[in-house]
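1. Generate coordinates for the sequence data below:
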Amino acid sequence: MFTIGEFAALGRVSVRMLRHYDGIGLLRPAVVDPHTGYRYYRAAQLGRLNRVVALKDLGLTLGQVRTVLDDEVDVAELRGMLRLRQAQLAAQVAADTARLARIEARLRMLETEGQMTTKDVVLKEIPPVRIAELTAVAASYEPTDIGPVIQPLYPELFRRLDEAHVRPTGPTIAWYEPEGEGEAVVVHAGATVGVDLAAARDFAVIDLPAIPTAAALVHHGSMDEVEATMQVLARWIEENGWRAEGYAREVYLEYCQNEPEKGVTELQIPISRR
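-> Residues are numbered from 1 along each chain as shown. Down below sits the predicted model:
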């Protein structure tokens, strides 16, 4: 048998915690010396201790842990519960990481507020362009909804283009349109091509219409930080007496999927006179 200190070391818990578990009847010592009050544990009790710690990590209270252990949960059930909790925590970490990145982007935008200039905005006519595209629907135009939808579309589009022996002839282009009456947005991920419209393929080929008048500005860096550039465009449009007509078209002059901070994107917002 092991003293309480030895058993605590073997189970990687504190002596204080073992005393607490004893006090609430969750994990009693195998033997208590009637003269000294010293507690002694058997190696077999490590199994119950492992279950207590695992169930606590699942977020259960000690009262709930005792109930589960009294129901004699087996190893397979406990493993399944832990796998589920592991997946939940991983999803939470991913969400928190994405939220932190958005906060950092907003902070940088606030720090540069008032420093960015509209002098680089260009008024231009955008000619029609033929693109091969895949589409999907995002819940809204917010970056948190658009990003997870559009990001997997381009690798899949390139894969299908390669299988069809179609080579892009120009930049990749993303454009958006409303889906119904709510906030949902149809996301179009396209690549400029020079093929005919009629052939049957597992991707669409369309002629993206011209934009008679667009306010255009080049954004350098990740699209996670595009809001600052978009707001410069908004200031220019307002200051010069124009009205925005729909979502911005994104022309990826340098598409860097693995190094998004090196990306170069021209934002093209259709505009008309007020």
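
2. check contacts around the closest residue to residue 57 other than its chain neighbours.
-> Once flanking residues are discounted, residue 57 sits nearest to residue 85: 7.0 Å by Cβ to Cβ, 6 or more residues apart in numbering. C-beta coordinates here come from the backbone N, C-alpha and C atoms, glycine included. Contact partners of residue 85, counting by Cβ atoms under 8 Å, 6 or more residues apart in numbering, are 57-59.

3. What separation is there between residue 85 and residue 131?
-> 44 Å (Cβ to Cβ, to the nearest Å).

4. looking at the contacts of residue 85, which has the most residues close by?
-> The member of these that has the most neighbours, counting by other Cβ atoms under 10 Å, is residue 58 with 16 neighbours.

5. Quick one: the helices in the stretch 1-150 of the chain, in order.
-> With helices called from DSSP state H, counting those that start in this stretch, the stretch 1-150 of the chain shows them at 4-11, 15-23, 46-57, 62-70, 75-111, 143-150.

6. Confidence-wise, which of these is weakest overall?
-> Sorting those by mean pLDDT places helix 75-111 lowest, at a mean of 74.

7. so how far is that one from its chain's centroid?
-> 9 Å (Cα atoms, centre = their mean, to the nearest Å).

8. Check stretch 205-212 too.
-> Offset of stretch 205-212 from its chain centre (Cα atoms, centre = their mean): 31 Å.

9. So which residue is dead centre in this protein?
-> Nearest residue to the geometric centre of the chain (Cα atoms, centre = their mean): residue 98, 5.5 Å.

10. What residues does that one make contact with?
-> Listed by Cβ under 8 Å, 6+ apart, the contact partners of residue 98 are residue 144.

11. how far away is it from residue 250?
-> 20 Å.

12. What of residue 135?
-> From residue 135 to residue 250 the distance is 15 Å (Cβ to Cβ).

13. Among the two, which residue is more densely surrounded?
-> residue 250 (20 against 17).

14. related to what we said a few turns ago, and the residue nearest to residue 57, how far from residue 13?
-> 19 Å.

15. what's the answer for residue 199, then?
-> Taking Cβ to Cβ, one finds residue 199 at 67 Å from residue 13.

16. Equivalent analysis for residue 166, please.
-> For residue 166 relative to residue 13 (Cβ to Cβ), the value is 61 Å.

17. swap in residue 19?
-> Where residue 13 is concerned, residue 19 sits at a distance of 11 Å (Cβ to Cβ).

18. ok, these two, which is more surrounded?
-> Neighbours were counted for residue 19 and for residue 13 using other Cβ under 10 Å; residue 13 has more, 17 against 13.

19. In contact with the more buried one: list those residues for me.
-> Residue 13 neighbours (Cβ under 8 Å, 6+ apart): 49, 53.

20. Same list, the helices of the stretch 1-150 of the chain, but as a markdown table with distance to residue 237 please.
-> Formatted as a markdown table, the helices of the stretch 1-150 of the chain follow (distance: least, Cβ to Cβ, whole Å):
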| stretch | distance to residue 237 |
| --- | --- |
| helix 4-11 | 65 |
| helix 15-23 | 63 |
| helix 46-57 | 53 |
| helix 62-70 | 58 |
| helix 75-111 | 18 |
| helix 143-150 | 20 |
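
21. Any idea which of these gets closest to residue 225?
-> helix 75-111 (4.6 Å; Cβ to Cβ).

22. Between helix 62-70 and that closest one, find me the angle.
-> Note on geometry: by axes from the mean of the first three to the mean of the last three Cα atoms, to 10 degrees, helix 75-111 and helix 62-70 are set 150 degrees apart in direction.
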